[in-house]
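Q: Prediction below, plus the sequence it came from.
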Amino acid sequence: MEDSRLYWLWLQHALGPGSTKPRKLLAHYGSVQNCYESGPESWKQAGIFTPVERKRMAEGTLEQADAQLRFAQSLGQSVICPDQPEFPILLREIPSPPCVLYYKGTLPPADALCIAMVGTRRATPDGLAAADRLSYSLAKAGVVVVSGGALGIDSACHRGALRAGGKTLCILGCGIDYNYLMKNAPLRETISQNGALISEYPPNTPSSVHSFPIRNRLISGLCAGTVVVEAAKKSGALITVSAAIEQGRDVFAVPGAMVNEAARGANELIREGAKPVMSAQDILEEYPGRYWEETEKENRQSMPEVPTEQAEPEFSKTPEALSPNAEKLYQALRANPRHITELAWDAGLSVNHALAAVTELELCGRVHSFSGRRYSR
């Protein structure tokens, strides 16, 4: 019996990533195999493909597809296609589903709640802290954090999820094996062991100015919602938001200061209807029953060692490294959850200073977060 993946690999080679034609093809032929076997005259009569696409379809062979499959597998990559049960359900629903996904690592179960987190490469310290805090809290609740592996907000989101002992997916705009952004190579390796690296591009495919916008639809397409942590007015992260809207997915944004140009895009999204996010609970409450209760969080696996990026702040778990305000708030914490205003009063801090201290304690794993801005040791 022929491996059905070979037909999908043949089709991807002919159409390229990001095409909407696989959906039309399936509606017309019923399966990719039927399309392959129907031949050039049928392809022309179908009125779906361009002359260039028909030429590539005619030139492609299953032998070439088989060689591509074997090469990817020799590099430790798995290959899945839309007709396989492990193919992400949400990706099947988007207007331009990928013909092929290459991945290294472990894909989340079908019922996992995946949330995309995106933003600028030129992030501010506040933006990085927000990305880390949100991704950490989401991962603690069992959410799979999805991002693009770039510097700045993307990396902070991946690291936050890993620091929580959670799972994260990195969606690449190049072949998984391609030496893209070598500064983040250690982070990608950690992600492959605690989630997965995913790409629709074959091995050895370099990144290009066109590949990342095409890739962005997969970041949003894998997820129930997309969070913009920090993004300027013309940030590439907004391409992911456009894809999310087209796909009918939820859009969230972290509000930023009026004078922060790096937050202008996120602020405008809120003005246009995106849900503002001040904590992970603002996201989780949109998906009742799809994340872990606090009692289940106690059984999380130990946190992997996360490679740090030199440009981002490093966080220590030692009490000596805490700021004075964080130490005061830590002393006010009890075994039972208490509201932030009560903690702030006991610690002698303003609520804003107390929230900043909570962020610091969350990043070094010394506080448990509950709904309604309640915290405990």
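A: Yes, it's here. Numbers count the residues shown, from 1 in each chain.
Q: Under the pLDDT cut-off, which ranges of the stretch 201-350 of the chain? List them.
A: Applying pLDDT under 70 to the stretch 201-350 of the chain flags residues 292-321.
Q: shouldn't residue 340 be in contact with residue 354?
A: Yes - between residue 340 and residue 354 there is a contact under Cβ atoms under 8 Å: 5.7 Å. C-beta coordinates here come from the backbone N, C-alpha and C atoms, glycine included.
Q: Please enumerate the strands of the stretch 101-250 of the chain.
A: 101-105, 114-119, 144-147, 168-171, 195-199, 225-230, 250-253 (DSSP state E, counting those that start in this stretch).
Q: Which neighbouring elements make contact with the last one?
A: Identification of packing neighbours for strand 250-253 by 3 or more Cβ pairs under 8 Å, 6 or more residues apart in numbering; DSSP states H and E yields strand 225-230, helix 237-246, helix 264-271, strand 275-276.
Q: distance between it and the chain's centre?
A: Its chain's average C-alpha position is 14 Å from that of strand 250-253, according to Cα atoms, centre = their mean, to the nearest Å.
Q: remind me which residues of the stretch 1-150 of the chain are low pLDDT?
A: Applying pLDDT under 70 to the stretch 1-150 of the chain flags residues 1-2.
Q: try 50 this time
A: Within the stretch 1-150 of the chain, the segments meeting pLDDT under 50 span 1.
Q: Go through the helices and strands packed on strand 250-253 and pick out the most buried.
A: The highest mean neighbour count among the helices and strands packed on strand 250-253, using mean count of other Cβ atoms under 10 Å, belongs to strand 225-230: a mean of 30.
Q: rewinding a little: can I get the strands of the stretch 101-250 of the chain in a markdown table with distance to residue 184?
A: Shown next, in a markdown table, are the strands of the stretch 101-250 of the chain (distance: least, Cβ to Cβ, whole Å):
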| stretch | distance to residue 184 |
| --- | --- |
| strand 101-105 | 15 |
| strand 114-119 | 15 |
| strand 144-147 | 11 |
| strand 168-171 | 9 |
| strand 195-199 | 11 |
| strand 225-230 | 17 |
| strand 250-253 | 25 |
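Q: got the contact list for residue 286?
A: Shown here is residue 286, whose contacts under the criterion Cβ atoms under 8 Å, 6 or more residues apart in numbering are 225, 250, 275.
Q: can you list these in a markdown table and add distance to residue 347?
A: Shown next, in a markdown table, are those (distance: Cβ to Cβ, whole Å):
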| residue | distance to residue 347 |
| --- | --- |
| 225 | 34 |
| 250 | 35 |
| 275 | 30 |
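Q: mind checking how far stretch 212-221 is from the chain centre?
A: On the basis of Cα atoms, centre = their mean, stretch 212-221 sits 10 Å off its chain's mean C-alpha point.
Q: Now do it: everything it contacts.
A: Applying Cβ under 8 Å, 6+ apart, the contact partners of stretch 212-221 are 17-18, 90-91, 93-94, 96-98, 116, 118, 146-148, 171-173, 198-200, 226, 236, 239-241, 243-244, 246-247, 249.
Q: Quick one: list the elements packing against the helix or strand containing residue 327.
A: Here residue 327 sits within helix 324-332, counting by DSSP states H and E. Counting contacts by 3+ Cβ pairs under 8 Å, 6+ apart, helix 324-332 is packed against helix 340-347, helix 351-363.
Q: Kindly export the last one (C-alpha atoms) in CSV.
A: So that's helix 351-363. Output in CSV follows, covering the C-alpha atoms of helix 351-363 (Å, rounded to 0.1, in the frame of the first residue of the first chain):
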residue,chain,number,x,y,z
VAL,A,351,-0.6,47.8,44.5
ASN,A,352,1.5,48.7,41.4
HIS,A,353,4.7,47.9,43.3
ALA,A,354,3.2,44.7,44.7
LEU,A,355,2.2,43.6,41.2
ALA,A,356,5.8,44.2,40.0
ALA,A,357,7.1,42.2,43.0
VAL,A,358,4.7,39.3,42.1
THR,A,359,6.1,39.3,38.6
GLU,A,360,9.6,38.9,40.0
LEU,A,361,8.5,36.1,42.3
GLU,A,362,6.7,34.3,39.5
LEU,A,363,9.7,34.5,37.2
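Q: What are the contacting residues of the next helix or strand after that helix?
A: Downstream of helix 351-363, the first helix or strand assigned by DSSP H and E is strand 368-370. Here strand 368-370 makes contact (Cβ under 8 Å, 6+ apart) with 137, 140, 279, 280, 294, 297, 337, 358, 362, 375, 376, 377.
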